[in-house]
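J.: Pasting the sequence and the predicted model now:
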Amino acid sequence: MRFHVLTLFPEMIRQGCSHGVVGQAVKDGKIRIETVNPRDFATDVHRSVDDRPFGGGDGMVLLPEPLAAATGKALSAAGGPARKIYLSARGRPFSDAMSRELATVDEVVLLCGRYGGVDQRLIEAEGYEEVSIGDYVLSGGELGALVVIDAVSRHRPGVLGNSASSFDESFAEVLLEHPQYTRPREWLGLEVPVVLLSGNHAKVRDWRRNAAVLLTAQARPELLSDAMSRGVLNGSGVRAALEALEALSDGERRAIGLRDPGLVRARLRPFSQALSGSRGSEP
Ligand code: SAM
């Protein structure tokens with residue numbers, strides 16, 4: 001898979017892609033990162049890539065011509081069909097589902113805006129999709145491009161050591177992931193939940209599932225209805241999580257990070273009642 005990043009700051013992308021999982025994937029040739037600097041396609045003596053906005057206002061706007069030429073260079077390097085994404089605060093929210101879908105594509109062009117943004121005609125003429133990494137405004141698209149590259153690369157075959165890893169993480173099945181622990185078994189008076197030491201795989205699976213439901217209810221309650229409607233969670237799964245909640249000792253609650261059991265209970269109860277007969281995978 002190859003990412004073609006159009007950026008005025010190529011060093012940010014090169015640097016950001018040289019560490020950890022992504023850095024290793026680049027070294028192994030599992031993903032490739034190319035950068036194209038629109039400034040190389042500026043035509044005036046000052047190598048200008050921006051100008052004042054029509055209609056007035058703060059901030060300069062990136063000129064369409066250098067960006068079109070840079071897009072052309074990226075597309076000819078791709079040598080075939082490519083997905084074109086403009087990182088933009090106005091875009092469709094980036095998500096786990098989008099990262100999995102993009103991981104099936106071989107060539108992706110990522111356009112990083114700067115200053116006040118990009119002349120909209122360039123976005124329309126080149127057919128860029130607008131994608132946002134969150135409801136806030138960044139100074140440039142480079143951090144967004146790095147987020148996309150990182151999240152997408154994790155779903156490419158062989159990038160993570162264990163090929164199943166990315167299917168076992170938060171959002172893979174809507175819910176957040178269960179908490180994780182390693183040695184020592186007891187730290188600062190907090191003990192690793194005893195079931196995780198039991199070697200009983202079915203019990204460990206149930207415990208993790210219940211903890212995932214409880215933590216999702218605490219941190220991201222809006223995901224619960226999504227999980228219910230997709231059949232990832234059902235009434236009996238919710239009841240099992242509620243029963244597990246009542247059985248937790250104070251120490252286990254602290255070790256799990258369940259800070260407000262009352263709130264978690266209140267958020268889960270409507271799902272156990274209203275949808276107790278619904279279909280869906282059992283926990
Ligand atoms: N005037 C623009 C607006 O209000 O939406 C913001 C421009 S911002 C200062 C400069 C560039 O940062 C944008 O062109 C875009 O590429 C990038 N950017 C800003 N916020 C972003 C976000 N939430 N997600 C992805 N890219 C973003």
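T.: Thanks, I have the structure now. All figures in this text were calculated on a predicted structure; none of them were measured in a lab.
J.: give me every residue that touches residue 71.
T.: 6, 84, 109, 111, 122, 126 (CB atoms under 8 Å, 6 or more residues apart in numbering). C-beta here means a position set from N, CA and C on the backbone, and glycine is covered the same way.
J.: Serialize these to JSON lines and add fields for neighbour count and secondary structure.
T.: What follows is the contacts of residue 71, written out as JSON lines (neighbours: other CB atoms under 10 Å; DSSP: H, G, I helix; E, B strand; the rest coil):
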{"residue": "6", "neighbour count": "30", "secondary structure": "strand"}
{"residue": "84", "neighbour count": "20", "secondary structure": "strand"}
{"residue": "109", "neighbour count": "24", "secondary structure": "strand"}
{"residue": "111", "neighbour count": "28", "secondary structure": "strand"}
{"residue": "122", "neighbour count": "22", "secondary structure": "helix"}
{"residue": "126", "neighbour count": "17", "secondary structure": "helix"}
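J.: Out of those, give me the two with the largest separation.
T.: Maximum pairwise distance among the contacts of residue 71 (CB to CB): 12.5 Å, between 109 and 122.
J.: now, which of the contacts of residue 71 sits nearest residue 143?
T.: Within those, the smallest distance to residue 143 is 13.8 Å, found for residue 111 (CB to CB).
J.: The closest one contacts residue 118, doesn't it?
T.: Yes. Counting by CB atoms under 8 Å, residue 111 touches residue 118, with 7.1 Å between them.
J.: how about residue 4, secondary structure?
T.: Assigned with DSSP: H, G, I helix; E, B strand; the rest coil, residue 4 falls in the strand class.
J.: How much space separates it from the ligand?
T.: 15 Å (CB to the nearest ligand atom, to the nearest Å).
J.: try residue 81
T.: Distance from residue 81 to the ligand, counting by CB to the nearest ligand atom: 23 Å.
J.: Residue 190 bridge partners, please.
T.: residue 187 (DSSP bridges).
J.: residues in contact with the residue of the stretch 1-150 of the chain found nearest the ligand?
T.: The ligand sits closest to residue 113 of the stretch 1-150 of the chain, with a gap of 2.0 Å, by CB to the nearest ligand atom. By CB under 8 Å, 6+ apart, residue 113 lies in contact with 62, 86-88, 140-141.
J.: give me that answer again for 6 Å
T.: If you count contacts by CB atoms under 6 Å, 6 or more residues apart in numbering, residue 113 has them with residue 141.
J.: so residue 99, which of the three states?
T.: Applying three-state DSSP to residue 99 yields a three-state assignment of helix.
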